[in-house]
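sequence and predicted structure are below.
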Amino acid sequence: MGSLLYVIAIILVIAWAIGVIGYSAGGLIHLLLVIAVIAVLLRIISGRRAL
């Protein structure tokens, strides 16, 4: 489950980067970035390591 969370966070960061380049989605892109950062921080705080 932890690796799935990490993959989702990476996908959200990529979507944010594409949105920043395109300027098409507005505030939604920044919301995706915040969700991705929170997901990565939760993974770091939980202390779980990927194999």
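Thanks, I have it. Treat the numbers as computed from the prediction; the structure is a model and nothing was measured. Numbers count the residues shown, from 1 in each chain.

identify the residues contacting stretch 28-45?
Residues outside stretch 28-45 that contact it (Cβ atoms under 8 Å, 6 or more residues apart in numbering): 2, 5, 6, 8, 9, 10, 12, 13, 15, 16, 19, 20. Bear in mind the C-beta positions are built from the backbone N, C-alpha and C, glycine included.

show me the two of those that sit farthest apart.
Spanning the widest gap among those are 2 and 20, at 27.3 Å by Cβ to Cβ.

ok, which stretches of the protein are helices?
Assigned by DSSP state H, the chain shows helices spanning 2-22, 27-46.

avg pLDDT for the last one?
What helix 27-46 shows for mean pLDDT is 80.

and it, what's buried?
For helix 27-46, a neighbour-count test (16 or more other Cβ atoms under 10 Å) marks 29, 32, 33, 36, 39, 40, 43 as buried.

quick one on the thing from earlier: nearest to residue 47 among the contacts of stretch 28-45?
residue 2 (10.2 Å).

if we can go back for a sec, pull out the buried members of the contacts of stretch 28-45.
Neighbour-count burial (16+ other Cβ under 10 Å) is assigned, among the contacts of stretch 28-45, to 9, 12, 13, 15, 16, 19.

ok, the third one - contacts?
Contacts of residue 13 were listed using Cβ under 8 Å, 6+ apart, and they are 33, 36.

can we see that at 6 Å?
Contacts for residue 13 (Cβ atoms under 6 Å, 6 or more residues apart in numbering) come out as residue 36.

quick one: pLDDT of it?
We have a pLDDT of 81 for residue 13.
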